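Peer 1: what would the 3D arrangement of this be:
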Amino acid sequence: MARPLVIGLIGPFGSGCSTSASLLREREGFRLVKLSESLKALWRARHRGEPARGDLQDLENEIRVAENDAGALARKAFDEIGQLSDNERVVVDGIRT
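Peer 2: Numbering: from 1, shown residues only. You can find the predicted model right below:
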């Protein structure tokens, strides 16, 4: 029986996770989910302009504390992914702490 495949990439800044995620999307047809995109959207709803890396880190920490949940952003990613069909492949990028 075929099953969906979800790959989560985690690593320090500059380690190549985003490049690897992009390659999986472009060459292998994976659907790409970036945790930073939901953070950026939330930040933009509160502020003007583009957030800096530090702004996103602060917001991520704020969410974790407010929800008392270290995995809050990962759960948001799975909410975004939704139900997966057989053989569907997803790569999640931007998993941080």
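Peer 1: find the residue at the geometric middle of this structure.
Peer 2: Nearest to the geometric centre of the chain sits residue 35, at 2.1 Å (Cα atoms, centre = their mean).
Peer 1: next helix or strand past the helix-or-strand element of the chain with minimal mean pLDDT?
Peer 2: Taking mean pLDDT, DSSP states H and E as the measure, the chain has helix 72-81 as its least confident helix or strand, at a mean of 78. As assigned by DSSP states H and E, the chain's next helix or strand after helix 72-81 is strand 89-95.
Peer 1: buried sites along the helix or strand encompassing residue 41?
Peer 2: Using DSSP H and E, residue 41 sits in helix 35-46. Judged by neighbour count (16 or more other Cβ atoms under 10 Å), helix 35-46 contains these buried residues: 35, 36, 38, 39, 40, 42, 43. In this view, the C-beta of every residue, glycine as well, is placed from N, C-alpha and C.
Peer 1: my guess is the fourth one meets residue 73, correct?
Peer 2: Pointing back at residue 39 there. Yes: Residue 39 lies in contact with residue 73 (Cβ atoms under 8 Å); the separation is 7.3 Å.
Peer 1: overlap in contacts, the two.
Peer 2: Counting by Cβ atoms under 8 Å, 6 or more residues apart in numbering, the shared contacts of residue 39 and residue 73 are residue 60.
Peer 1: where does the protein have low pLDDT?
Peer 2: Where the chain drops to pLDDT under 70, the residues are 1, 97.
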